[in-house]
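S.K.: Show me the folded form of this:
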Amino acid sequence: MTLDEIAYNLLNLVRGGQSNQDESISLDQIKFNVRHYRAMFIRRDFARNGYISNHIEQDLGCVDLKIIDGSKCCNLPVGTKVLRTEKPLPRALRLNFQSALTYIGDVTGTKTIPLINSNTIQFLAYDTYTKGRYKAYMIGDYLYIHNADGIDTINIRGVFENPEEVSEFSQCGKQDPDTGEHYTECFDPSNDAYPIPVDMINLINQGITSGELTLLSGTFSDTLNDRAQDPQSQAGGASRPRQQQQNEQ
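M.R.: Modelled structure (predicted):
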């Protein structure tokens, strides 16, 4: 199911299948809550089972690296060059004592580069056995590669807070006849299945309909097409059209 399908299904559950163009509940608000509950349930599931399903993992394809000065200050270069991803990465979910980046490695997707804390980089020179090997570390939303001689592209997979941000990255696909490049979005929110197990969608529906949408579901849609909420049903029967009420007064 796509995110649109999940959101429309939730809206139909609240409205009993009778939503209309002047619906007062925003689909964007529903999608925001779907992202929130997805992150919460995935984190709980990992805490309980210690397992990440490949159906919630997303692939960023080939991520380009660029050479920059190691200084964090633009006007105070330190002369040490490091490799960093050209674009900030989508924020990964927070799991138990770790980030939900499931793979960092070469473009084959099989040779792993260990992810370490940036504070330990200064001690790698004293590591007897692995000091010359690639190491990855995060500063902010950028990923850096230590000892990255000979590589300029890596592959990254993970479970991200907002799956739609993955659409900013690309993978091999159909060749563009104008540029000659092979470009396909890693995630198409309109057509690709939302990265969540189907059994978890039911939990999200229950959480949202009994929580955030409880108050919103009490609002009334505009079936009179006058950009205002319809009058509530009265105790003795159905509500009368607004114009009829005004005429009776």
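
S.K.: Name the single longest strand found in this protein.
M.R.: strand 58-69 (DSSP state E).

S.K.: contacts for that one?
M.R.: 77-87, 89-90, 107, 109, 143, 145, 148, 151-160, 163, 166, 169-172, 186-187, 195 (CB atoms under 8 Å, 6 or more residues apart in numbering). Where C-beta positions appear, they are placed from N, C-alpha and C, glycine not excepted.

S.K.: partners of that strand, with directions?
M.R.: If you go by DSSP bridges, strand 58-69 pairs up with strand 81-85 (antiparallel), strand 153-158 (antiparallel).

S.K.: What average pLDDT does it get?
M.R.: Averaging pLDDT along strand 58-69 yields 90.

S.K.: list the buried ones in it?
M.R.: Residues of strand 58-69 classed as buried by neighbour count (16 or more other CB atoms under 10 Å): 58-63, 65.

S.K.: Export it to PDB, keeping only CA atoms.
M.R.: The C-alpha trace of strand 58-69 is given here as PDB (Å, rounded to 0.1, in the frame of the first residue of the first chain):
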ATOM      1  CA  GLN A  58      15.200   1.500   2.200                       C
ATOM      2  CA  ASP A  59      18.200   1.700  -0.200                       C
ATOM      3  CA  LEU A  60      19.700   5.100  -1.100                       C
ATOM      4  CA  GLY A  61      21.400   3.600  -4.100                       C
ATOM      5  CA  CYS A  62      24.800   5.100  -5.100                       C
ATOM      6  CA  VAL A  63      25.700   8.000  -2.700                       C
ATOM      7  CA  ASP A  64      28.400  10.300  -4.000                       C
ATOM      8  CA  LEU A  65      31.300  11.500  -1.800                       C
ATOM      9  CA  LYS A  66      33.300  14.700  -2.100                       C
ATOM     10  CA  ILE A  67      36.600  15.900  -0.600                       C
ATOM     11  CA  ILE A  68      36.300  18.700   1.900                       C
ATOM     12  CA  ASP A  69      38.600  20.200   4.500                       C
END
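
S.K.: thinking again about what came up before, for the buried residues of strand 58-69, could you give me CSV that also reports distance to residue 52?
M.R.: Formatted as CSV, the buried residues of strand 58-69 follow (distance: CB to CB, whole Å):
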residue, distance to residue 52
58, 11
59, 13
60, 16
61, 19
62, 22
63, 20
65, 25
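
S.K.: Which two of those residues have the greatest separation?
M.R.: The span of these, defined through CB to CB, is set by 58 and 65 at 19.5 Å.

S.K.: now the helices for the chain?
M.R.: 3-15, 27-49, 198-209, 212-216, 242-248 (DSSP state H).

S.K.: Residue 53 contacts residue 198, correct?
M.R.: No: Residue 53 is not in contact with residue 198 according to CB atoms under 8 Å; the separation is 11.1 Å.

S.K.: The two: which is more packed in?
M.R.: Between residue 53 and residue 198, residue 53 has the larger neighbour count (other CB atoms under 10 Å), namely 15 against 9.
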